[in-house]
Every structure is written in C-alpha cells, then in structure tokens.
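Engineer: just a sequence and a predicted model for now, questions to come.
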Amino acid sequence: MSASGRRGDATGRFLIVRLGALGDVVHAIPAAAAIKAAHPDARIDWLVDPRYVSLLRMVRGLNDIVPLDTRRGLRHVVSTLGALRRTRYDAALDLQGLIKSGVLARLAGARLTVGFSPAHLREPIARLCYSRMPDPGTAVHVIEKNLALLDAIGVAGVHDRRVPFPLDVPATAASAALVAQYGAGRYLVINPGAAWPNKRWPAERFGAVAAAIQARVGMPSVVLWGPDEEGVAARVVRASGGAAVVAPPTSIVDVCAVARSAAAMLSGDTGPLHLAAAVGTPVVALFGPTRAERNGPWNPLDRVVARTARCECLYERTCRRVARTPPGVPCLDEISVDDVVTVRPPRKTSRMGVARANLACTRTSTVWPMTGFAGHGSTEQRSEMSAGVTV
C-alpha cells in the first residue's frame, strides 16, 4: 500500500484494533508511533475497550479514540461500526488476533484488513478476516510482532528502530501528594495485584522486600491496588513493618504519574508493570506462568526474576499445582525474597544510586533500543546476560 492510500491524498487513514487488555494496549503503542513517524500527516484512530481510553488519550499522534464495549449489545456495535465505515480507512490493523477483533477490523470497511499470519494468531480462524497477513518471522516479543505487521502498509525497517512510547503524562493529585511527602525518585512502587491468581506473588514477600529496601537504603515503598485489591495492599503494608504505605486510589493516569516519579517498580506481569516501563521507570518484574521474552520488559536494562521453565500452567489463569491433592506450590512462589532483593544491578545509577542499584536501573528516556528481545529466550537461561533475568 502506498502512503497516498486509495484517494490519492498524502496522509492515509489507519485504524488500530486492540481492545485490551491493559498491558497489551501498552505494547501496541509503538506500532501507532511507527505509523506516525512514517506518515506524519496520517489519521490514526484506535478501537479500544472503554476502560483504556484514558491511557490512549495520553498518546501523542492519535486522532480519534473509539470506545467499544461489546457487552452493551448489538445496537452499540453496529452504530460504532457504521461510524468507522464512514471514515473510509486505508487499512485496519488487528493487533489482537482474536475472532472478535478480526471481525471488527474487517467490518470497519477499510481497503485493507491486516492481521497476523496463522502461526501467530491466538485464534487461527481469525485469518479469514484478513486481506494481508505479514509473517513476523522470528519476532518473539509482542512489540516486535506488532511492528512487523506494519510491513503490510509500507512501514518497513521498524525492526531496527528504537521503541517509542510517546506519552504525555500529566501530574495528578496522587503523584503530587507522594512527591510532596517523599520527593521525586525517592520511593519504590510495589504492585502486588494481578488479574490471574497465578501471577500474584505472596503479599507477605512483597512486604519483606519493602522492609529490606527500607533497612538498606532508607527508601519507603508505596503499594498500589486496583479493584478488590485493597486488602492485598494492606497485607503487604502489615508485612513490611512500617516500610510501606498503601497508595491512594489510582486511575490509569495516576499509575503512570506515580510510577514516573518513583525510583523503581516491583510487580508481576500485569498492566501497571507495563505502564511503568512505558513512562521510563526502571522495573523489576516477577514472571511465572507467562514468558518474559514475549510479554516482559522490552528494555534489556530492566530486571526479570522468573520461574517460567518450571511452570506447568503456561498462559493459563489458574495453577495446576495448586489444584492437585495435596496442593502444590505455584512456580511464582519459588521466587524468594532474597532473589528479588539481590537482583544484580546492570550499571551504577545517577539518581538515588544505592536504592536503584538494589532494585533496578536508571533510565533517562522512554525510548529504548529493540535489542535483546529474542535474546530473552528461555528466561532461566539468561541469568548472566544483559537482559537482566535472574533465576
């Protein structure tokens, strides 16, 4: 497809279809940025679950953010698709790979409907919705796979680019209060929650990490919580012996602002982890039932502590070990407090040096080279390599 599109204009009209979840929407942002870099005057719209509209409003370069809640019924879906069809897109890109997202991309009425090749689809039958299916080849991380999809619209060479997250994050009341209390870069953010039960490291261990960091370098921890997670956050605080406090209620925008002002974030594989990485906060990520090389931090200077090689429920929401009689120990629970506290720092840090050396690394930009994706490989095999995986 040429940059001029079917109408002979010099802009192009593109629709991204990535409804959710939060971390996956974050990982799709570089694709939008790459389109904008290749076609500065293009119109780029995004079809998304209403819960993530606030995130996309912070992304520079998007024109229209189209919320779609399929639970509202057929009339809502038809009305939304009608508005999309009137836009007459040059291409609709399905970055989700489901039957639902593929059908929505197809029914948006674009000249091209672009999706992943069957080997890279979560639901292979979705291929029937696509007119073009670029093969991501050896791409491993979802960011790489999303960028590979842009070959179909003439955005080439993105595999050698740096990964941009063009986010304009405003200061919020929650972040301002924490900065006023502790200072910018002088607190650790802990995110103990996750939608999947087997992605949740024990709350008491998060508390023990907070206590260890406080004892070593005098840095307090702030514990995030989402819906139905305030009790988990309270358990972390109790286990910390006064080293941690419960964060105020936070929105997606709040999480970005709070993380941006933090020294680092400690979290499992869940949305707030990826938000923190996107705004440039150093992260230490705990991985069990998902692969860090596919879904983890893309900056090779970040740290991953993983037990994925011993997981028996990879990409399943519940732990098979726990379901046995007698119950077994989830793979994530094999990660000890010492495994996290003693994560090897990649380099000396320029801000709160000792604290960051204990838990992460300094970053000066939210743009990072796309190196080390394939190198993450089996996370347990990379404990001595630059991507920061510890076993």
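Structural biologist: Received the coordinates, thanks.

Engineer: how about the helices in the stretch 51-200 of the chain?
Structural biologist: 53-56, 74-87, 99-107, 142-148, 173-182 (DSSP state H, counting those that start in this stretch).

Engineer: tell me how far the nearest residue in space to residue 195 that is not next to it in sequence lies from residue 111.
Structural biologist: Distances taken as CB to CB, 6 or more residues apart in numbering place residue 270 nearest to residue 195, at 6.7 Å, with adjacent residues excluded. (Glycine included, C-beta is placed from N, CA and C.) As judged by CB to CB, to the nearest Å, residue 270 and residue 111 stand 37 Å apart.

Engineer: that older thread, which of the helices of the stretch 51-200 of the chain is buried the deepest?
Structural biologist: helix 142-148 (a mean of 23; mean count of other CB atoms under 10 Å).

Engineer: number of residues surrounding the closest residue to residue 98 other than its chain neighbours?
Structural biologist: Using CB to CB, 6+ apart and skipping the chain neighbours, the partner closest in space to residue 98 is residue 123 (5.1 Å). Number of residues near residue 123 (other CB atoms under 10 Å) recorded here: 14.

Engineer: go ahead and confirm residue 177 touches residue 248.
Structural biologist: Yes - counting by CB atoms under 8 Å, residue 177 does reach residue 248; the two are 6.9 Å apart.

Engineer: for residue 168, give its distance to residue 16.
Structural biologist: 18 Å.

Engineer: these two: which is more packed in?
Structural biologist: Remark: of residue 168 and residue 16, residue 16 carries more neighbours, 28 against 9, as counted by other CB under 10 Å.

Engineer: how far out from the middle of the chain is the helix or strand where that one lies?
Structural biologist: With elements taken from DSSP states H and E, the one containing residue 16 is strand 13-17. Mean C-alpha position of strand 13-17 versus that of the full chain (CA atoms, centre = their mean, to the nearest Å) differs by 20 Å.

Engineer: could you list the buried residues of that strand?
Structural biologist: 13, 14, 15, 16, 17 (16 or more other CB atoms under 10 Å).

Engineer: among those residues, which one sits closest to residue 260?
Structural biologist: Minimum distance to residue 260 across these is 24.2 Å, recorded for residue 16 (CB to CB).

Engineer: the closest one reaches residue 43, doesn't it?
Structural biologist: No - between residue 16 and residue 43 there is no contact under CB under 8 Å: 11.4 Å.

Engineer: quick one: the strands in this structure, in order.
Structural biologist: 13-17, 43-48, 64-67, 91-94, 112-114, 162-163, 188-191, 221-223, 244-246, 264-268, 283-287, 303-306, 368-369, 389-390 (DSSP state E).

Engineer: so can I have JSON lines of those showing distance to residue 236 and mean pLDDT?
Structural biologist: JSON lines is the format used below for those (distance: least, CB to CB, whole Å; pLDDT from 0 to 100):
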{"stretch": "strand 13-17", "distance to residue 236": "36", "mean pLDDT": "98"}
{"stretch": "strand 43-48", "distance to residue 236": "31", "mean pLDDT": "98"}
{"stretch": "strand 64-67", "distance to residue 236": "33", "mean pLDDT": "98"}
{"stretch": "strand 91-94", "distance to residue 236": "38", "mean pLDDT": "98"}
{"stretch": "strand 112-114", "distance to residue 236": "43", "mean pLDDT": "98"}
{"stretch": "strand 162-163", "distance to residue 236": "31", "mean pLDDT": "70"}
{"stretch": "strand 188-191", "distance to residue 236": "6", "mean pLDDT": "97"}
{"stretch": "strand 221-223", "distance to residue 236": "5", "mean pLDDT": "98"}
{"stretch": "strand 244-246", "distance to residue 236": "6", "mean pLDDT": "98"}
{"stretch": "strand 264-268", "distance to residue 236": "10", "mean pLDDT": "96"}
{"stretch": "strand 283-287", "distance to residue 236": "14", "mean pLDDT": "96"}
{"stretch": "strand 303-306", "distance to residue 236": "17", "mean pLDDT": "95"}
{"stretch": "strand 368-369", "distance to residue 236": "29", "mean pLDDT": "36"}
{"stretch": "strand 389-390", "distance to residue 236": "21", "mean pLDDT": "36"}
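
Engineer: for residue 121, give me its contacts.
Structural biologist: When contacts are counted by CB atoms under 8 Å, 6 or more residues apart in numbering, residue 121 touches 97, 115, 127.

Engineer: neighbours around the residue lying closest to the second one once chain neighbours are set aside, how many?
Structural biologist: Think residue 115. If the residues on either side of it in the chain are set aside, residue 115 comes closest to residue 130, at 3.8 Å by CB to CB, 6+ apart. Applying other CB under 10 Å, we find 23 residues neighbouring residue 130.

Engineer: hmm, residue 130 is touching residue 118, no?
Structural biologist: No - under the criterion of CB under 8 Å, residue 130 is not in contact with residue 118, lying 9.7 Å apart.

Engineer: quick one: contacts for residue 221?
Structural biologist: Residue 221 touches 187, 188, 189, 190, 209, 210, 213, 214, 240, 243, 244, 245, counting by CB under 8 Å, 6+ apart.

Engineer: what do you get for residue 269?
Structural biologist: 23, 194, 199, 285, 286, 287, 288, 290, 292, 295, 296.

Engineer: surely the third one touches residue 289?
Structural biologist: Yes - contact criterion CB under 8 Å: residue 199 and residue 289 qualify, at 6.5 Å.
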